[in-house]
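>>> when you get a sec, could you give me coordinates for this:
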Amino acid sequence: MKRLVVVAALAAFALAGVAVAQQPPVSPAPVKRTMVGKVEVPGANYEVVTAIVEIAPNIKAGLHTHPGDVFFAVTEGEFWLAIQGQPEKVFKAGEQGLVPSKAVHNEGAQGAGPAKLVATYVIEKGQPLVQPVK
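You can find the predicted model right below:
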């Protein structure tokens, strides 16, 4: 049922065209996350945050987690993703993927150019988008 609420919220967000004025980046380069929209899931303690993620070429972001599922679509370049316990994977422009809630992972841009993604975070209200792993 919770997944249904999340999917409905994502659909409502996409159909409504909810847009928020561009906010300052959530994190500094070499990984820059620019929030472009946020909507609360009705009747739940969740919010859906959409961000443009830009990753500088040939870098690794370092181990981190997200406090909810992250759906992403690569719009430019090649995105390298290594979720602990799973094989590394490279996503190219036009491909999509999912980082499960609280999965410890590393990511980066592979190749000569940067990677650019549209990421949708489904998180508990008030949680940060990124939590570094020490």
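
>>> now the most centrally placed residue in the chain: which helix or strand?
Residue closest to the average C-alpha location in the chain (Cα atoms, centre = their mean): Ala119, at 3.5 Å. Assigned by DSSP states H and E, Ala119 belongs to strand 115-124.

>>> what lines up beside that strand in the sheet?
Applying DSSP bridges to the sheet, strand 115-124 is found paired with strand 46-55 (antiparallel), strand 68-76 (antiparallel).

>>> can you say which of the ones you listed is packed in most?
Greatest average neighbour count among those goes to strand 46-55 (a mean of 21), per mean count of other Cβ atoms under 10 Å. In short, each C-beta sits where N, CA and C put it, glycine included.

>>> re the thing from before, the residue nearest to the centre of the chain is in contact with Arg33, isn't it?
Yes - using Cβ atoms under 8 Å, Ala119 is in contact with Arg33, at 7.5 Å.

>>> could you give the number of residues near Ala109?
Number of residues near Ala109 (other Cβ atoms under 10 Å) recorded here: 25.

>>> switch the strands paired with strand 115-124 over to TSV; also include mean pLDDT and distance to Glu124.
Formatted as TSV, the strands paired with strand 115-124 follow (pLDDT from 0 to 100; distance: least, Cβ to Cβ, whole Å):
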stretch	mean pLDDT	distance to Glu124
strand 46-55	96	6
strand 68-76	97	7
